[in-house]
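>>> Would you be able to build a 3D model of this:
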Amino acid sequence: MVKVEPFVVDGQRMVSIRQINNLPQHQKEAIYRTLIPPEALLRFGIPFSLTDPQGNSLWTCICERGTSSVTLALRHRADAEDPVLYLELAETLHNQLEVLFFAINDPESERYNVDRTPDGRPTNFGLDGRNIPEEVRAMEAGLAPGQVRQGARLTRRLIPRFEEFVARLGYDRFQAQPLFYHAAILFERCGFAYTMGQGKMEWIHQEFQRNGLLHRRLDGSTPFRQPGMEATVRGRSWAIYDGILGEPFAGVRMYKRIGIFAGVCTFPDAVW
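Numbering: from 1, shown residues only. This is a model prediction of the structure:
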């Protein structure tokens, strides 16, 4: 494991999120601030104090006493609709740390309302409805499913922050559940391995090859099933999001060992 200094508060070593959450607010916030990449502050002009000149806080830290989860959101402006960084982290029943969800946005880029149906209801990543016109706009702008704005290209900066945080709690790995095909490929590129679902990912790659099942289903029947979409990570992900598998993208779980690059690749020579 990578050698790091443990989190120690008042002489006591922190070994869990629940333990951190039971600390006074200022102490637990100081620990959770270590998850924020300095590059995010520099890129978007966010003061190190995480407050704007008017004294408004630019970050939210939900870490209730007695719980085993934390939610962080960092904004470049107090009134910004979407955060630069959003992170949900929790301990599982099996005493593992898991990244439940994270998003990194460029808040100054155009917004695509793929997270809301045309009448304003949440889509829940397409499970409770879709906004097809906005999805088409987002796809044509180069976004992947689930993205409301262009990414800030800070994932490779954020993953080492996770690793250091996890190591300081005494763990040797953490888990993540990719919600989309492209997220799984991104995690592969960051050194993750599969707890479950690698066979499914390899099957997807195989069936997107010429004359494969998924390749044949790229029949132009929807904007997200156009011939040629098998050639890119984003294209495949949009087709899968559109239901080309015949079921939602699920059953894929991954993990990252601290300081170790797994070298797993289920889409060789992929173009994003």
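
>>> Just give me the neighbour total for Met201.
Neighbour count of Met201, defined by other Cβ atoms under 10 Å: 21. Where you see a C-beta, it was placed from the backbone N, CA and C, and this is true even at glycine.

>>> ugh, wrong one, Arg236
For Arg236, the count of nearby residues is 24 (other Cβ under 10 Å).

>>> Contacts only, for it.
181-182, 204, 208, 229-230, 267 (Cβ atoms under 8 Å, 6 or more residues apart in numbering).

>>> swap the cut-off to 10 Å and go again
Going by Cβ atoms under 10 Å, 6 or more residues apart in numbering, Arg236 touches 144, 181-182, 185, 204-205, 208, 214, 218, 229-230, 244, 267, 270.

>>> Which residue ranges of the stretch 151-272 of the chain form helices?
Here the stretch 151-272 of the chain has its helices, by DSSP state H, counting those that start in this stretch, at 155-168, 181-189, 198-207, 213-216, 233-241.

>>> so which of those comes closest to Pro223?
Set against Pro223 and scored by Cβ to Cβ, the helices of the stretch 151-272 of the chain come closest in helix 233-241, at 8.4 Å.

>>> Check the offset of that closest one from the chain's centre.
16 Å (Cα atoms, centre = their mean, to the nearest Å).

>>> what are the C-alpha coordinates of it, in PDB please?
Written as PDB, here are the backbone C-alpha positions of helix 233-241 (Å, rounded to 0.1, in the frame of the first residue of the first chain):
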ATOM      1  CA  VAL A 233     -16.800   4.700 -26.700                       C
ATOM      2  CA  ARG A 234     -19.400   7.500 -26.700                       C
ATOM      3  CA  GLY A 235     -21.300   6.000 -29.700                       C
ATOM      4  CA  ARG A 236     -21.500   2.600 -28.000                       C
ATOM      5  CA  SER A 237     -22.600   4.200 -24.700                       C
ATOM      6  CA  TRP A 238     -25.400   6.100 -26.300                       C
ATOM      7  CA  ALA A 239     -26.600   3.000 -28.100                       C
ATOM      8  CA  ILE A 240     -26.600   1.000 -24.800                       C
ATOM      9  CA  TYR A 241     -28.300   3.900 -23.000                       C
END
